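A.B. asks: Return atomic coordinates for the entry below.
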Amino acid sequence: MKFNILRTDKDSKARTGIIKTSHGEIETPIFMPVGTLGSVKGVHQRELKDDIKAQIILGNTYHLYLRPGLDVLKKAGGLHGFMNWEGPILTDSGGYQVFSLAANRKLTSEGAVFKSHIDGSTHLFTPENVVDIQRTIGSDIMMAFDECAPYPSEYDYAKKSLDLTHQWLDRGLTHFANTESNYGHYQTFFPIVQGSVFKDLRIKSAEFVASKNCFGNAIGGLAVGEPAHEMYEVIEVVNNILPLDKPRYLMGVGTPANILESIALGIDMFDCVMPTRNGRNGMIFTSEGTINLRNEKWKDDFSVIDPNGTSFVDKTYTKAYLRHLVICKEMLGAQIASIHNLAFYLDLVKQARENINDGTFNEWKNVMVKQTSQRL
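C.D. replies: Here you go, the predicted model:
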């Protein structure tokens with residue numbers, strides 16, 4: 001696996017690059033559609049590849065471990081074979097899901113004991129078995145098992161949480177080094193910088209993570225309720241420490257404006273459920289601003305979803321028709337909205353790459369942040 005930086009913007013820390021994996025190349029900055037259960041909700045693999053032009057997608061360790069289970073995934077030859085996806089896959093370690101079950105889990109130095117949200121059965125995740133699970137899933141990029149501290153957190157809690165995350169990182173890295181891929185392709189391991197919004201903790205974590213010299217690094221624990229300016233401040237502090245020559249992944253972020261501002265701060269990889277989850281509920285992201293299709297004003301608007309859209313749905317369906325489907329809870333409405341929003345996000349980062357390469361990123365970014373933040 002390799003990461004090559006192609007161009008760095010003259011007016012910001014934005015850069016373009018290519019990550020080379022066993023399942024193909026990824027152009028950065030990149031947005032990764034979330035396929036929690038081995039499925040980007042409502043979207044066929046054909047659409048992901050040909051229309052949305054996804055270069056990498058996500059799976060989730062917690063959810064795939066519970067369903068369909070490791071036996072099924074192993075028999076299928078891993079998640080790639082199970083879902084018939086030939087491109088790269090990244091898997092979240094499940095840490096966020098486990099820790100969102102605050103009432104149904106217990107943390108120890110060994111790991112996290114939790115109860116399944118499906119049937120209440122008890123399970124244990126450790127830094128070691130989370131590596132093993134991701135080996136069975138067969139993702140190209142696997143994440144370290146961490147604790148995502150809630151926002152807001154008391155300083156003492158955030159510090160104890162960070163110490164536990166660092167202990168788990170050392171154990172996970174050791175186990176990763178002592179195991180091999182189950183399916184013959186190369187897998188890599190990303191540690192995660194934590195520390196809530198406390199700058200001294202974020203500096204400590206970034207230095208600890210950077211010292212591990214992994215292929216890439218992630219920033220977690222943001223976009224969990226903190227103001228946007230605090231998120232950007234944390235990203236800037238962390239990126240001043242994380243090595244320049246390794247990809248940086250900002251987990252779970254976010255709005256189009258969040259993504260553009262974070263690219264300017266040096267982030268290379270993003271994921272978020274917002275395009276699909278919000279789309280299913282009638283929120284459409286466009287080049288001209290955000291549309292809430294539930295508003296009456298779109299009832300008889302027969303213009304296309306986005307005049308600058310790149311997806312086939314933008315050329316096929318009108319706002320009025322899509323609104324009708326969403327209001328009636330027709331499955332096709334959720335599909336159209338998801339395809340459009342994902343295609344918009346992927347086109348947005350493509351435009352970002354083009355403007356970085358052309359030396360026009362900062363000017364373009366400032367215009368697009370303003371446009372995409374408008375409520376139409």
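
A.B. asks: mean confidence for stretch 265-273?
C.D. replies: The predicted model assigns stretch 265-273 a mean pLDDT of 98.

A.B. asks: what ranges do the strands span in the stretch 151-300 of the chain?
C.D. replies: All strands of the stretch 151-300 of the chain, identified by DSSP state E, counting those that start in this stretch, fall at 188-190, 192-193, 217-219, 248-250, 269-271, 283-286, 289-292.

A.B. asks: winner for burial among the ones you listed?
C.D. replies: Neighbour counts (mean count of other Cβ atoms under 10 Å) averaged over each of the strands of the stretch 151-300 of the chain peak at strand 192-193, with a mean of 30. For glycine as for every other residue, the C-beta is placed from the backbone atoms N, C-alpha and C.

A.B. asks: ok, and what's touching it?
C.D. replies: 95, 143-144, 146, 165, 169, 202, 205-206, 209, 217-220, 238, 242, 251 (Cβ atoms under 8 Å, 6 or more residues apart in numbering).

A.B. asks: can you rerun that using 6 Å?
C.D. replies: 144, 146, 205-206, 209, 218-220, 238 (Cβ atoms under 6 Å, 6 or more residues apart in numbering).

A.B. asks: distance of residue 116 from residue 98?
C.D. replies: 11 Å (Cβ to Cβ, to the nearest Å).

A.B. asks: now do residue 308
C.D. replies: The separation that residue 308 has from residue 98, given Cβ to Cβ, amounts to 40 Å.

A.B. asks: Then residue 376?
C.D. replies: Distance from residue 376 to residue 98, by Cβ to Cβ: 38 Å.

A.B. asks: Those two: who's more crowded?
C.D. replies: residue 98 (25 against 13; other Cβ atoms under 10 Å).

A.B. asks: What secondary structure category should be reported for the closest residue to residue 37 other than its chain neighbours?
C.D. replies: Spatial nearest neighbour of residue 37, chain neighbours left out: residue 63 (5.2 Å); criterion: Cβ to Cβ, 6 or more residues apart in numbering. The three-state assignment at residue 63 reads helix, by DSSP: H, G, I helix; E, B strand; the rest coil.

A.B. asks: Looking at residue 63 now. What's its pLDDT?
C.D. replies: Per-residue confidence (pLDDT) for residue 63: 95.

A.B. asks: Determine the number of other residues adjacent to it.
C.D. replies: Using other Cβ under 10 Å, residue 63 has 17 other residues around it.

A.B. asks: correct me, but it touches residue 36?
C.D. replies: Yes: Residue 63 lies in contact with residue 36 (Cβ atoms under 6 Å); the separation is 5.2 Å.

A.B. asks: Looking at neighbours, which among the contacts of strand 192-193 is most surrounded?
C.D. replies: Ranking those using other Cβ under 10 Å puts residue 146 first, with 32 neighbours.

A.B. asks: re earlier: next step: the contacts of strand 192-193 restricted to helices.
C.D. replies: 205-206, 209, 238 (DSSP state H).

A.B. asks: Between the residues you listed, which sits nearest residue 152?
C.D. replies: Distance to residue 152, by Cβ to Cβ, is smallest for residue 205 among the ones in helices among the contacts of strand 192-193, at 17.8 Å.

A.B. asks: Check the contact between residue 143 and residue 90; I expect there is one.
C.D. replies: No: Residue 143 lies out of contact with residue 90 (Cβ under 6 Å); the separation is 7.4 Å.

A.B. asks: circling back to that earlier point, could you export the ones in helices among the contacts of strand 192-193 as CSV, including pLDDT and distance to residue 331?
C.D. replies: Listed next are these as CSV, based on pLDDT from 0 to 100; distance: Cβ to Cβ, whole Å:
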residue, pLDDT, distance to residue 331
205, 98, 43
206, 98, 44
209, 98, 42
238, 98, 41
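
A.B. asks: would you list the residues you listed in JSON lines and tack on distance to residue 187?
C.D. replies: Shown next, in JSON lines, are the ones in helices among the contacts of strand 192-193 (distance: Cβ to Cβ, whole Å):
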{"residue": "205", "distance to residue 187": "23"}
{"residue": "206", "distance to residue 187": "24"}
{"residue": "209", "distance to residue 187": "18"}
{"residue": "238", "distance to residue 187": "24"}
